[in-house]
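In: A predicted structure for the sequence below; I have some questions about it.
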Amino acid sequence: MFRLTLPTNSKRNILQVHTLYEGTYSVDATKKFIPFDPAVHSFKDRPASLFINVQPFLVELKNDLILFDTGLGFSDDHGELILHKNIRNAGFDPTDVTKVLMSHLHYDHAGGMVHQSGDKIELSFPEAEYVINRGEWETAFSSTSSSYHTDIFEVVQRNAQLKFIEGDGNLDETIAYEFTGAHCPNHIVFLLTEGNKKVFFGGDVLPEPEELIKNFIAKYDFDGRKAMELRKAFGKRAAEENWECLFYHGKSAATGFVEEIEGGFVVKS
């Protein structure tokens, strides 16, 4: 059993969200993520590329410090994991994280589960429980897709406190999860409820505000039509229940509240 130790200068806030922006990247058919800074790089030099933001989220709860997905796991010029630096900038230490909740295990969400330390690859969050859908974990080892990096999962398997979940359910009275599939066969989403506040993390089923505002089928989803329908369903629930939505790949906004209007939705900060 471990206990969350807060920094002495930190005051606990109910359902406080911290965006851990890792950067903007271009990705093409090779599925390599290349840093992209519009101040120095040109879109035209990256043809047939998708441009995405990557931003995990740290959420303070009364009894937990939650991390939603772990980014690419890239380090800065000094060799420090960007995710670790962002957590410290938020007023915490990486060892304060008590639960790492994974929507799925594609590399841009799972790369930061581990990090390079000298000649070793180590857990990024050694005190945390890693919560993963069982089917997604099995797929990560059996799939031939380059979206899954088995070397990461082997380190996690040997060293992490793992909790496998299936279907829909609750980890406790605050943390609920739902099986969605759609983006990949075993994708899941999370809803946190504490007091009168609700925070929804839709992973890559609801990765950007624009995917809620615009009604379209994405080619990068395993089941694009189901993903589109799920976005609308979650949008309605978010509007009705006043969820704060966290957008992992959001460019126009990292977080926001949904309002349903005639013909669709709007997202406001």
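Out: That came in fine, so what should we check first?
In: For the stretch 101-250 of the chain, which segments count as helices?
Out: Secondary structure of the stretch 101-250 of the chain (DSSP state H, counting those that start in this stretch): helices at 107-110, 134-142, 150-159, 209-213, 224-241.
In: The shortest one: how far from the chain's middle?
Out: Computed by Cα atoms, centre = their mean, to the nearest Å, the chain-centroid distance of helix 107-110 equals 8 Å.
In: So that it lines up with my notes, have the first residue be 58 from now on.
Out: Got it, the first residue is 58 from now on, which makes the last one we talked about helix 164-167.
In: Can I get it in CSV? Just the C-alpha atoms.
Out: Extracted C-alpha coordinates of helix 164-167, given in CSV (Å, rounded to 0.1, in the frame of the first residue of the first chain):
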residue,chain,number,x,y,z
TYR,A,164,2.6,4.8,-29.0
ASP,A,165,1.6,8.5,-28.8
HIS,A,166,-0.4,7.6,-25.7
ALA,A,167,1.9,5.0,-24.1
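In: what's the average pLDDT for stretch 205-216?
Out: Averaged across stretch 205-216, pLDDT comes to 97.
In: How about residue 115, nearest residue that isn't a chain neighbour?
Out: For residue 115, ignoring the flanking residues on the chain, the nearest one in space by Cβ to Cβ, 6 or more residues apart in numbering is residue 75 at 4.2 Å. The way it works is simple: take the backbone N, C-alpha and C, and place the C-beta from them, glycine included.
In: Identify the residues contacting the helix or strand hosting that neighbour?
Out: Element membership for residue 75, per DSSP states H and E: strand 73-76. Applying Cβ atoms under 8 Å, 6 or more residues apart in numbering, the contact partners of strand 73-76 are 112, 114-117, 143-144, 147, 256, 301, 303, 311-312.
In: Direction included, what does it pair against?
Out: strand 114-117 (antiparallel) (DSSP bridges).
In: for the strand it pairs with, the distance to its chain's centre please.
Out: Its chain's C-alpha centre and that of strand 114-117 lie 11 Å apart, by Cα atoms, centre = their mean.
In: average pLDDT across whatever helix or strand comes next after that strand?
Out: Toward the C-terminal end, the helix or strand that comes next after strand 114-117 (DSSP H and E) is strand 122-125. In this model, strand 122-125 carries a mean pLDDT of 98.
In: Same question for stretch 245-258.
Out: Average pLDDT, stretch 245-258: 97.
In: thinking again about what came up before, could you tell me which residues within the strand holding residue 75 count as buried?
Out: 73, 74, 75, 76 (16 or more other Cβ atoms under 10 Å).
In: And the residue lying closest to residue 184 once chain neighbours are set aside, how far from residue 249?
Out: Excluding its sequence neighbours, the residue lying closest to residue 184 (Cβ to Cβ, 6+ apart) is residue 152, at 4.9 Å. For residue 152, the distance to residue 249 equals 21 Å [Cβ to Cβ, to the nearest Å].
In: Neighbour count: the two, which is higher?
Out: Remark: of residue 152 and residue 249, residue 249 carries more neighbours, 24 against 16, as counted by other Cβ atoms under 10 Å.
In: Tell me who's in contact with the closest residue to the more buried one other than its chain neighbours.
Out: Spatial nearest neighbour of residue 249, excluding adjacent residues (Cβ to Cβ, 6+ apart): residue 256 at 4.4 Å. Taking Cβ under 8 Å, 6+ apart as the criterion, residue 256 is in contact with 72, 74, 116, 248, 249, 300, 301, 302, 303.
In: in the sheet, who's paired with the last one?
Out: Read it as residue 303. Beta-bridge partners recorded for residue 303 (DSSP bridges): residue 258, residue 312.
In: before we move on, what about the third one?
Out: Under DSSP bridges, the beta-bridge partners of residue 116 are residue 74, residue 123.
In: Need the pLDDT of it.
Out: Residue 116 is assigned 98 on the pLDDT scale.
In: Run a quick neighbour tally on it.
Out: Other residues lying near residue 116 total 23 when counted by other Cβ under 10 Å.
In: how close does it sit to residue 303?
Out: Residue 116 is 8 Å from residue 303, by Cβ to Cβ.
In: ditto for the second one
Out: Using Cβ to Cβ, one gets 7 Å for the distance from residue 74 to residue 303.
In: quick one: common contacting residues for the two?
Out: Contact with both residue 74 and residue 303 is made by residues 114, 256, 312, according to Cβ under 8 Å, 6+ apart.
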